[in-house]
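Student: show me the folded form of this:
(one chain, ligands or ions: 2)
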Amino acid sequence: MATTKTTEKPTTEKKTATTAASATNDKSAKSTSNKSGKSGDSEFHEFFVDELKDIYWAEKHLAKALPKMKKAATSPELAAAFEKHAEETNGHIATLEQAFELLGEKAQAKKCDAMEGLLAEAESIIEDTEKGTMIRDAGLVLAAQKVEHYEIATYGTLVVFATNMGQNEVAELLKVTLENEKATDVALTEVAESFINEQAAAE
Ligand SMILES: [Fe+2]
Ligand SMILES: [Fe+2]
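Tutor: Ligands and ions are numbered 1, 2, ... in the order given. Here you go, the predicted model:
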(Lines give C-alpha, C1' and ligand atoms only; values in the text may rest on other atoms or scores of the structure.)
(Ligands and ions follow the chains in the order given, each with its own letter.)
Protein backbone atom coordinates (compact mmCIF):
# COMPACT_ATOMS: atom_id res chain seq x y z
CA MET A 1 0.00 0.00 0.00
CA ALA A 2 1.36 3.38 -0.93
CA THR A 3 -0.13 5.03 2.08
CA THR A 4 1.72 6.96 4.70
CA LYS A 5 1.35 5.43 8.09
CA THR A 6 0.28 7.97 10.63
CA THR A 7 1.40 7.75 14.19
CA GLU A 8 -1.38 10.05 15.29
CA LYS A 9 -3.24 8.47 18.18
CA PRO A 10 -7.03 8.57 17.78
CA THR A 11 -8.56 10.79 20.38
CA THR A 12 -11.87 10.41 22.11
CA GLU A 13 -13.04 13.71 20.72
CA LYS A 14 -15.88 13.42 18.29
CA LYS A 15 -14.81 16.41 16.25
CA THR A 16 -11.52 16.20 14.47
CA ALA A 17 -12.26 18.95 12.00
CA THR A 18 -9.23 20.92 13.11
CA THR A 19 -6.83 18.31 11.83
CA ALA A 20 -5.48 18.73 8.37
CA ALA A 21 -6.41 15.16 7.52
CA SER A 22 -10.08 15.48 8.24
CA ALA A 23 -10.22 18.95 6.72
CA THR A 24 -9.43 17.38 3.39
CA ASN A 25 -11.76 14.47 3.94
CA ASP A 26 -14.93 15.95 5.35
CA LYS A 27 -18.18 15.90 3.49
CA SER A 28 -17.82 19.34 1.94
CA ALA A 29 -14.42 18.46 0.58
CA LYS A 30 -15.78 15.22 -0.74
CA SER A 31 -18.68 16.79 -2.57
CA THR A 32 -16.37 18.95 -4.63
CA SER A 33 -13.63 16.40 -5.06
CA ASN A 34 -13.30 12.76 -5.87
CA LYS A 35 -14.76 10.04 -3.66
CA SER A 36 -12.31 10.32 -0.80
CA GLY A 37 -11.69 14.02 -1.05
CA LYS A 38 -8.08 13.29 -1.90
CA SER A 39 -6.64 12.75 -5.29
CA GLY A 40 -5.17 9.45 -6.28
CA ASP A 41 -6.81 7.12 -3.79
CA SER A 42 -10.37 6.72 -5.03
CA GLU A 43 -9.67 3.08 -5.79
CA PHE A 44 -8.65 2.52 -2.21
CA HIS A 45 -11.75 4.37 -1.03
CA GLU A 46 -13.85 1.94 -3.09
CA PHE A 47 -11.92 -1.02 -1.75
CA PHE A 48 -12.47 0.22 1.80
CA VAL A 49 -16.19 0.74 1.24
CA ASP A 50 -16.38 -2.76 -0.23
CA GLU A 51 -14.85 -4.19 2.92
CA LEU A 52 -17.34 -2.21 5.01
CA LYS A 53 -20.14 -3.81 2.98
CA ASP A 54 -18.67 -7.22 3.71
CA ILE A 55 -18.56 -6.73 7.49
CA TYR A 56 -22.00 -5.08 7.34
CA TRP A 57 -23.40 -8.31 5.87
CA ALA A 58 -21.47 -10.32 8.46
CA GLU A 59 -22.84 -8.31 11.39
CA LYS A 60 -26.41 -8.51 10.09
CA HIS A 61 -26.21 -12.26 9.79
CA LEU A 62 -24.59 -12.60 13.15
CA ALA A 63 -27.41 -10.55 14.67
CA LYS A 64 -29.82 -13.20 13.38
CA ALA A 65 -27.68 -16.14 14.48
CA LEU A 66 -26.96 -15.04 18.06
CA PRO A 67 -30.54 -15.45 19.31
CA LYS A 68 -30.47 -19.01 17.93
CA MET A 69 -27.19 -19.65 19.71
CA LYS A 70 -28.66 -18.23 22.89
CA LYS A 71 -31.63 -20.58 22.60
CA ALA A 72 -29.35 -23.55 22.02
CA ALA A 73 -27.07 -22.81 24.99
CA THR A 74 -27.24 -25.06 28.04
CA SER A 75 -25.99 -22.70 30.74
CA PRO A 76 -27.79 -19.48 31.60
CA GLU A 77 -24.38 -17.75 31.72
CA LEU A 78 -23.62 -18.52 28.10
CA ALA A 79 -27.18 -17.68 27.06
CA ALA A 80 -26.78 -14.29 28.78
CA ALA A 81 -23.46 -13.68 27.03
CA PHE A 82 -25.09 -14.35 23.66
CA GLU A 83 -28.03 -12.13 24.50
CA LYS A 84 -25.71 -9.30 25.49
CA HIS A 85 -23.68 -9.64 22.34
CA ALA A 86 -26.78 -9.78 20.14
CA GLU A 87 -27.69 -6.32 21.43
CA GLU A 88 -24.13 -5.11 20.95
CA THR A 89 -24.11 -6.53 17.43
CA ASN A 90 -27.14 -4.41 16.59
CA GLY A 91 -25.04 -1.49 17.79
CA HIS A 92 -22.22 -2.55 15.46
CA ILE A 93 -24.67 -2.51 12.57
CA ALA A 94 -25.76 1.03 13.48
CA THR A 95 -22.11 2.09 13.78
CA LEU A 96 -21.37 0.78 10.29
CA GLU A 97 -24.35 2.73 8.98
CA GLN A 98 -22.83 5.86 10.53
CA ALA A 99 -19.49 5.05 8.89
CA PHE A 100 -21.16 4.70 5.48
CA GLU A 101 -22.84 8.05 6.04
CA LEU A 102 -19.61 9.77 7.01
CA LEU A 103 -18.07 8.45 3.80
CA GLY A 104 -21.05 9.66 1.80
CA GLU A 105 -21.90 6.11 0.81
CA LYS A 106 -25.10 4.10 0.91
CA ALA A 107 -25.16 1.37 3.55
CA GLN A 108 -25.16 -1.83 1.56
CA ALA A 109 -24.50 -5.41 2.55
CA LYS A 110 -22.29 -7.63 0.42
CA LYS A 111 -22.23 -11.33 1.15
CA CYS A 112 -19.41 -12.33 3.43
CA ASP A 113 -18.40 -15.92 2.66
CA ALA A 114 -16.29 -16.16 5.79
CA MET A 115 -19.12 -15.26 8.17
CA GLU A 116 -21.50 -17.50 6.26
CA GLY A 117 -19.09 -20.39 6.81
CA LEU A 118 -18.52 -19.59 10.47
CA LEU A 119 -22.25 -19.44 11.15
CA ALA A 120 -22.81 -22.69 9.24
CA GLU A 121 -20.22 -24.22 11.53
CA ALA A 122 -22.08 -22.91 14.59
CA GLU A 123 -25.24 -24.52 13.25
CA SER A 124 -23.57 -27.86 12.72
CA ILE A 125 -22.19 -27.75 16.25
CA ILE A 126 -25.76 -27.34 17.50
CA GLU A 127 -26.86 -30.27 15.32
CA ASP A 128 -23.97 -32.47 16.40
CA THR A 129 -24.26 -31.92 20.15
CA GLU A 130 -26.97 -32.89 22.56
CA LYS A 131 -29.31 -30.33 24.02
CA GLY A 132 -28.71 -29.65 27.70
CA THR A 133 -25.05 -30.71 27.69
CA MET A 134 -21.93 -28.75 28.50
CA ILE A 135 -20.33 -30.18 25.36
CA ARG A 136 -22.95 -28.14 23.50
CA ASP A 137 -21.83 -25.02 25.36
CA ALA A 138 -18.14 -25.73 24.83
CA GLY A 139 -18.87 -26.09 21.12
CA LEU A 140 -20.90 -22.89 21.03
CA VAL A 141 -18.09 -20.95 22.73
CA LEU A 142 -15.67 -22.34 20.16
CA ALA A 143 -17.91 -21.25 17.30
CA ALA A 144 -18.56 -17.82 18.83
CA GLN A 145 -14.87 -17.17 19.47
CA LYS A 146 -14.05 -17.98 15.86
CA VAL A 147 -16.60 -15.35 14.88
CA GLU A 148 -15.17 -12.79 17.31
CA HIS A 149 -11.65 -13.38 16.08
CA TYR A 150 -12.81 -12.85 12.52
CA GLU A 151 -14.43 -9.58 13.55
CA ILE A 152 -11.35 -8.49 15.53
CA ALA A 153 -9.14 -9.12 12.48
CA THR A 154 -11.52 -7.23 10.23
CA TYR A 155 -12.08 -4.19 12.44
CA GLY A 156 -8.40 -4.04 13.41
CA THR A 157 -7.48 -3.69 9.76
CA LEU A 158 -10.32 -1.32 8.92
CA VAL A 159 -9.31 1.03 11.75
CA VAL A 160 -5.79 1.22 10.32
CA PHE A 161 -7.13 1.75 6.79
CA ALA A 162 -9.50 4.52 7.93
CA THR A 163 -6.72 6.23 9.87
CA ASN A 164 -4.38 6.08 6.89
CA MET A 165 -7.12 7.55 4.71
CA GLY A 166 -7.49 10.47 7.10
CA GLN A 167 -11.00 9.30 7.95
CA ASN A 168 -10.49 9.82 11.65
CA GLU A 169 -14.15 9.85 12.63
CA VAL A 170 -14.71 6.57 10.84
CA ALA A 171 -11.61 5.14 12.51
CA GLU A 172 -12.88 6.22 15.93
CA LEU A 173 -16.27 4.61 15.34
CA LEU A 174 -14.78 1.32 14.18
CA LYS A 175 -12.34 1.33 17.06
CA VAL A 176 -15.21 1.31 19.55
CA THR A 177 -16.62 -1.78 17.82
CA LEU A 178 -13.17 -3.40 17.77
CA GLU A 179 -12.83 -2.94 21.53
CA ASN A 180 -16.27 -4.46 22.06
CA GLU A 181 -15.38 -7.52 19.96
CA LYS A 182 -12.22 -7.98 22.01
CA ALA A 183 -14.15 -7.67 25.27
CA THR A 184 -16.65 -10.24 24.01
CA ASP A 185 -13.87 -12.66 23.21
CA VAL A 186 -12.47 -12.25 26.73
CA ALA A 187 -15.93 -12.70 28.27
CA LEU A 188 -16.42 -15.93 26.32
CA THR A 189 -13.07 -17.24 27.51
CA GLU A 190 -14.04 -16.44 31.08
CA VAL A 191 -17.37 -18.24 30.90
CA ALA A 192 -15.73 -21.26 29.24
CA GLU A 193 -12.92 -21.42 31.79
CA SER A 194 -15.16 -20.85 34.79
CA PHE A 195 -17.11 -24.09 34.39
CA ILE A 196 -18.05 -25.09 30.82
CA ASN A 197 -14.79 -26.71 29.74
CA GLU A 198 -14.35 -28.67 32.93
CA GLN A 199 -17.91 -29.99 32.98
CA ALA A 200 -17.84 -30.74 29.26
CA ALA A 201 -14.68 -32.83 29.69
CA ALA A 202 -16.42 -34.81 32.44
CA GLU A 203 -19.47 -35.62 30.30
FE1 LIG B 1 -19.73 -7.24 15.71
FE1 LIG C 1 -18.93 -9.80 17.69
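Student: show me the residues around the most centrally placed residue in the chain that make contact.
Tutor: For the chain, the residue sitting closest to the mean C-alpha position, by C-alpha atoms, centre = their mean, is E151 at 4.3 Å. Applying C-beta atoms under 8 Å, 6 or more residues apart in numbering, we find E151 in contact with I55, A58, E59, T177, E181. For the C-beta atoms, the positions are set from N, CA and C on the backbone; glycine is no exception.
Student: isn't L174 right up against T157?
Tutor: No - L174 is beyond contact range of T157, at 9.7 Å (criterion: C-beta atoms under 8 Å).
Student: and the two? Which one has more around it.
Tutor: Taking neighbours as other C-beta atoms under 10 Å, L174 and T157 compare with L174 leading, 29 against 13.
Student: enumerate every residue touching the more buried one.
Tutor: So L174 contacts T95, A99, Y155, L158, V159, A162 (C-beta under 8 Å, 6+ apart).
Student: list the buried residues for the helix or strand harbouring it?
Tutor: In this assignment (DSSP states H and E), L174 forms part of helix 168-191. Going by neighbour count (16 or more other C-beta atoms under 10 Å), the buried part of helix 168-191 is 168-175, 177-178, 180-182, 184-185, 187-188, 191.
Student: got it, and stretch 46-55?
Tutor: Buried residues in stretch 46-55 (16+ other C-beta under 10 Å): F48, V49, E51, L52, K53, D54, I55.
Student: ranges for the strands of this protein?
Tutor: Using DSSP state E, the chain contains no strands.
Student: returning to what we had before: any chance of JSON lines for the contacts of L174, columns distance to M115 and neighbour count?
Tutor: Formatted as JSON lines, those follow (distance: C-beta to C-beta, whole Å; neighbours: other C-beta atoms under 10 Å):
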{"residue": "T95", "distance to M115": "17", "neighbour count": "18"}
{"residue": "A99", "distance to M115": "18", "neighbour count": "26"}
{"residue": "Y155", "distance to M115": "13", "neighbour count": "22"}
{"residue": "L158", "distance to M115": "15", "neighbour count": "24"}
{"residue": "V159", "distance to M115": "19", "neighbour count": "21"}
{"residue": "A162", "distance to M115": "20", "neighbour count": "25"}
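Student: can you lay out the residues you listed as JSON lines showing pLDDT and distance to A86?
Tutor: Listed next are those as JSON lines, based on pLDDT from 0 to 100; distance: C-beta to C-beta, whole Å:
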{"residue": "T95", "pLDDT": "98", "distance to A86": "15"}
{"residue": "A99", "pLDDT": "98", "distance to A86": "21"}
{"residue": "Y155", "pLDDT": "98", "distance to A86": "18"}
{"residue": "L158", "pLDDT": "98", "distance to A86": "22"}
{"residue": "V159", "pLDDT": "98", "distance to A86": "23"}
{"residue": "A162", "pLDDT": "97", "distance to A86": "26"}
